[in-house]
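Novice: Below: sequence and its predicted model.
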Amino acid sequence: MWRLYHKMTKTNLVVILGPTASGKTTRAVDVAKHFNGEIISADSRQIYRGMDIGTGKDLKEYGSIKHHLIDICDAGYKYNLYEYLRDFNVAYKQVLNNKHLPILCGGTGLYIESVLNGLELPNVPENSELRAFLADKTLEELTSILASMKTLHNTTDVDSVKRAIRAIEIQSYYAQYPEKLINTTPKPIDNVVIIGIDIDRENRRDRITQRLHTRIDEGMVEEVKQLLDSGITPDDLIYYGLEYKYLTKYIIGELNFEQMVSQLEIAIHQFAKRQMTWFRGMEKRRGFKINWLPWDIDSTSFINNVSSLLRN
């Protein structure tokens with residue numbers, strides 16, 4: 001259908017975003033089926049192999065739809081924004097070369113916005129001397145150091161010691177080599193249609209709670225145990241946050257089962273709220289037009305709305 005439809009639109013990219021548990025993947029698959037598209041993931045944790053249940057990959061849902069940037073590196077690795085932008089550009093060009101519609105789908109606002117802005121970053125190497133200097137500092141101390149180097153718009157960079165150290169490492173590199181940033185000229189993608197999945201707070205909370213218990217029943221605890229048994233350290237899994245942070249703490253005895261479930265549920269609710277804060281900021285402060293569609297709209301109506309947006 002897209003080969004016929006492309007004459008009616010100049011759209012170069014469709015973005016489907018929304019908070020966790022809003023049903024983004026289902027909507028992206030529907031769009032891909034109707035408009036001959038391929039899906040590029042914008043999820044910062046689905047890139048890792050073996051982290052399936054906790055990240056909600058739902059690979060069966062894709063069916064025959066081709067997808068990119070899922071299962072591209074081993075769990076335990078510290079994937080970063082530079083690598084994501086590099087890999088996105090490769091995948092995006094592949095989809096265009098296939099004469100298909102690129103569909104960027106996910107909830108990682110930093111990845112999505114960086115793609116839309118055409119951001120290019122230098123590859124920041126590890127600084128062993130700086131890491132050694134920061135190694136004994138508390139998360140509070142690291143947060144203070146990072147806050148002195150840049151404005152903290154959200155808590156993602158400082159939700160663990162390792163993330164905070166990496167963020168300081170990156171900012172230190174930029175300060176030491178400002179020409180690396182000066183020489184990178186953003187190349188925004190034009191003619192983009194951004195679709196947001198609009199779900200009210202009450203339904204979002206209900207879906208998060210239900211999904212958490214379903215994933216536990218499906219073997220999420222066993223998945224984390226297998227990752228630990230494979231040689232990945234507890235600290236490396238805790239680095240990924242949310243499910244992998246709290247389940248690891250449960251498995252190593254820092255939390256009992258009830259504490260783990262309760263604290264994890266709260267953390268996921270807080271995460272969804274931060275996602276929405278990011279997306280609202282894209283609209284209100286940074287000038288992106290997000291076309292919000294109800295989360296529970298039927299598939300036919302959803303596709304009709306998308307079709308109308310692609311024509312405009």
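Specialist: In hand now; what should we look at?

Novice: Quick one: mean pLDDT for the lengthiest helix in the chain?
Specialist: Once the chain is assigned using DSSP state H, the helix that runs over the most residues is helix 257-284. For helix 257-284, the mean pLDDT works out to 97.

Novice: Okay, buried residues for it please.
Specialist: 260-261, 264-265, 267-269, 271-272, 274-276, 278-279, 282 (16 or more other Cβ atoms under 10 Å). Yep, even glycine has a C-beta here, placed from its N, CA and C like the rest.

Novice: Report the distance from that helix to the chain centre.
Specialist: For helix 257-284, the separation from the chain centroid amounts to 13 Å (computed by Cα atoms, centre = their mean, to the nearest Å).

Novice: Tell me the first helix or strand C-terminal of it.
Specialist: Per DSSP states H and E, the first helix or strand lying C-terminal to helix 257-284 is strand 290-294.

Novice: what does that next one contact?
Specialist: Contacting residues not belonging to strand 290-294 are listed as 17, 193-199, 279, 282-283, 302, 305, 309 [Cβ atoms under 8 Å, 6 or more residues apart in numbering].

Novice: what's near enough to touch the residue nearest to His68 when sequence neighbours are not counted?
Specialist: Distance criterion Cβ to Cβ, 6 or more residues apart in numbering; nearest residue to His68, sequence neighbours excluded, is Ala91 at 3.8 Å. Shown in contact with Ala91 (Cβ under 8 Å, 6+ apart): Ile40, His68, Leu69.

Novice: which one of the residues you listed is nearest Ile53?
Specialist: Set against Ile53, the nearest of those by Cβ to Cβ is Leu69 (18.8 Å).

Novice: mind checking pLDDT for that closest one?
Specialist: Predicted confidence (pLDDT) for Leu69: 98.

Novice: distance of it from Leu247?
Specialist: Leu69 is 24 Å from Leu247, where distance means Cβ to Cβ, to the nearest Å.

Novice: Could you check which of the two is surrounded by more residues?
Specialist: The neighbour count for Leu69 versus Leu247, taken as other Cβ atoms under 10 Å, is higher for Leu247 (27 against 21).

Novice: Which helix or which strand is home to that one?
Specialist: With DSSP H and E as criterion, Leu247 is part of helix 242-251.

Novice: Contacts for that helix next, please.
Specialist: By Cβ under 8 Å, 6+ apart, the residues outside helix 242-251 that reach it are 45, 51, 54-55, 160, 215, 220-221, 224-225, 227-228, 234, 237-238, 255-257, 259-260, 263-264, 267-268, 271.
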